[in-house]
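>>> Dropping the sequence and predicted coords here.
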Amino acid sequence: MDVSLFDYELPEERIALRPASPRDSARMLVIGPDGSLQHSHVRDLPDFLRAGDLLVVNDSRVIAARLRSRKAAGGTAIELLLHKRIAPDRYLALARPARKLSPGDELIISANFAARLIARREAGEVEIAFSVAGAALDAAIAQWGEMPLPPYIARRRPADARDAQDYQTVFAEQEGSAAAPTAGLHFTRALLARLAAAGIARAEVTLHVGPGTFQPVAAGDTAEHRMHTEWLRLSPETAATINAARAAGGRIVAIGTTSLRTLETAADANGCIHPFEGETELFITPGYAFNAADVLLTNFHLPRSTLFMLVSAFAGLDTMKRAYREAIAEHYRFYSYGDACLLFHPTR
């Protein structure tokens, strides 16, 4: 498909720089299976679901993935954005400026924390080996790293102490993401209690989000785009929970596009969920046949992004473009710290 079909104009002042407080006070645009639009708030989510429905949430935790370093030879400043651990002492990262780096270069992060460039890859990606490994590396990243705010926020303000909590979901347990699974940012303990009281259960999956989630599709046609791979895990216990909920007539409610992509990666053509652990590069565009998710709670996504393509596949491109026009006109807040939309699949 022509990537320009997924473009739209967003006034810069609609980009949220801080989350709503409390989190579940964020606005929520409800998109019905018939394409109808209704204005609500995330705190009202239980009113749109029913007993027996099952929330599927991503329990990935964002690490302090942005590291600032200098080359030992020459002192050139190099920023690293970690996105995939490949060994106890090694990561794949996006480097800026990558063109200044060569294999063997040493990067100084602090007096006792350094890295060595192993290889350069495509599009600014590098493989680096650190001077410490295992738990010691985790501790060093936590000490010297910064919360990796999305570029559209980082361009307008630096990360600060508030972001250390604001950019983690209430579900966050499994460390490994370079970006938050942002639909989960809207949940509070109070909202979870109300959902449970309404008979709406919850299951956890893990997908470690990579920085590619913020990248617009540069190709002119979706068929030419290559997705970044992301690691996920859906346990046997979670698979059994999801299948039981579906068999009992409950709807599967994906909290965020990461949960949805996890479900669709693990589902067969009959909608049965199988345990899965490994990498996915599932790229969902209009025409995709959904096998697992019935409802999707998600944020408002960047133009020409794979995520806007995904929601357009789920609810229909014309419906989503109309919904986004409505959201802009009604002053909704966009992107990671912004408001939400609740999508009901037209046929599931």
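Happy to help now that I have it. Numbers count the residues shown, from 1 in each chain.
>>> My guess is residue 277 contacts residue 232. True?
Yes - using C-beta atoms under 8 Å, residue 277 is in contact with residue 232, at 7.4 Å. Glycine gets a C-beta too; all of them are placed from N, C-alpha and C.
>>> so where do the strands sit in the stretch 201-348 of the chain?
Applying DSSP state E, counting those that start in this stretch to the stretch 201-348 of the chain gives strands spanning 201-207, 230-234, 252-255, 276-280, 295-299, 340-344.
>>> Check the stretch 51-200 of the chain too.
54-58, 60-62, 66-71, 77-87, 90-96, 106-110, 113-120, 125-130, 174-177.
>>> ranking the ones you listed by burial, who's on top?
Highest mean neighbour count among those (mean count of other C-beta atoms under 10 Å): strand 54-58, with a mean of 26.
>>> circling back to that earlier point, compile the strands of the stretch 201-348 of the chain into TSV and extend it with columns for mean pLDDT.
Output for the strands of the stretch 201-348 of the chain, formatted as TSV (pLDDT from 0 to 100):
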stretch	mean pLDDT
strand 201-207	98
strand 230-234	96
strand 252-255	98
strand 276-280	96
strand 295-299	98
strand 340-344	98
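>>> export the ones you listed to a markdown table and tack on mean neighbour count?
Below are those laid out as a markdown table (neighbours: other C-beta atoms under 10 Å):
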| stretch | mean neighbour count |
| --- | --- |
| strand 201-207 | 22 |
| strand 230-234 | 22 |
| strand 252-255 | 26 |
| strand 276-280 | 14 |
| strand 295-299 | 24 |
| strand 340-344 | 24 |
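>>> Same list, those strands, but as TSV with distance to residue 163 please.
TSV is the format used below for the strands of the stretch 201-348 of the chain (distance: least, C-beta to C-beta, whole Å):
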stretch	distance to residue 163
strand 201-207	21
strand 230-234	22
strand 252-255	21
strand 276-280	27
strand 295-299	16
strand 340-344	19
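>>> The stretch 151-300 of the chain: helices as residue ranges?
Along the stretch 151-300 of the chain, counting by DSSP state H, counting those that start in this stretch, helices occupy 151-154, 163-166, 189-197, 236-247, 257-266.
>>> Tell me which of those approaches residue 211 most closely.
In terms of C-beta to C-beta, the element of the helices of the stretch 151-300 of the chain nearest to residue 211 is helix 151-154, at 8.8 Å.
>>> All set now, cheers.
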